[in-house]
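1. here is a sequence together with a model predicted from it:
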Amino acid sequence: MLALNYHLCMGILFFLMANVIAWFQFNGQFLWDTWRDNPFLTNLLLAVPTGMCFWYAIRHIFLYSGEYWSSKLIGFGVSNFVFAILTYVFLKESMFTPKTLMCLILASFIIAIQIFWK
């Protein structure tokens, strides 16, 4: 059985937070006029929290795996799930098309390979 590793869990958590913030930073313009009309303010408010979450995510994943590529690939997989869910919930674009579902399955495999293949 896989023991949950602190750095793996923290890395994934920080990737989740970073991608949620980034999603609103870039896609909020399609939800709210104020967001669309103030791109400088939007980015000023959200760029630092997003960057810090990504920084800590990469640090924790590296401490977990000892490999730089793991942070890139786990972050990629997590970002696909965050984007799919938030886009479905807020922008009403389906994630249940064959093409998108296949991409999410592949993202799952990418994450699993990074975690389970030693």
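-> Happy to help now that I have it.
2. centre-most residue in this structure?
-> residue 79 (2.8 Å; Cα atoms, centre = their mean).
3. how about that one: what's its closest non-neighbour residue?
-> Leaving out its chain neighbours, the residue that sits closest to residue 79 by Cβ to Cβ, 6 or more residues apart in numbering is residue 19, at 4.8 Å. (C-beta placed from N, C-alpha, C; glycine too.)
4. what about the one you found, how many neighbours?
-> 23 (other Cβ atoms under 10 Å).
5. next: residue 6.
-> Neighbour tally, residue 6, other Cβ under 10 Å: 10.
6. just the one 3 residues further on next, same as before
-> Around residue 9 sit 12 other residues, with neighbours defined as other Cβ under 10 Å.
7. need the three-state assignment for it.
-> Per DSSP: H, G, I helix; E, B strand; the rest coil, the secondary structure class of residue 9 is helix.
8. which residues are contacting stretch 53-72?
-> Here stretch 53-72 makes contact (Cβ atoms under 8 Å, 6 or more residues apart in numbering) with 5, 7-8, 10-15, 17-18, 21, 74-75, 114.
9. correction: stretch 80-92
-> By Cβ under 8 Å, 6+ apart, stretch 80-92 touches 16, 19-20, 23-24, 27, 30-31, 93-95, 100, 103-104, 107.
10. drop anything exposed from those residues.
-> 16, 19-20, 23-24, 95, 100, 104, 107 (16 or more other Cβ atoms under 10 Å).
11. quick one on the thing from earlier: so which helix or strand takes in the residue nearest to the centre of the chain?
-> In this structure, residue 79 sits in helix 68-91 according to DSSP states H and E.
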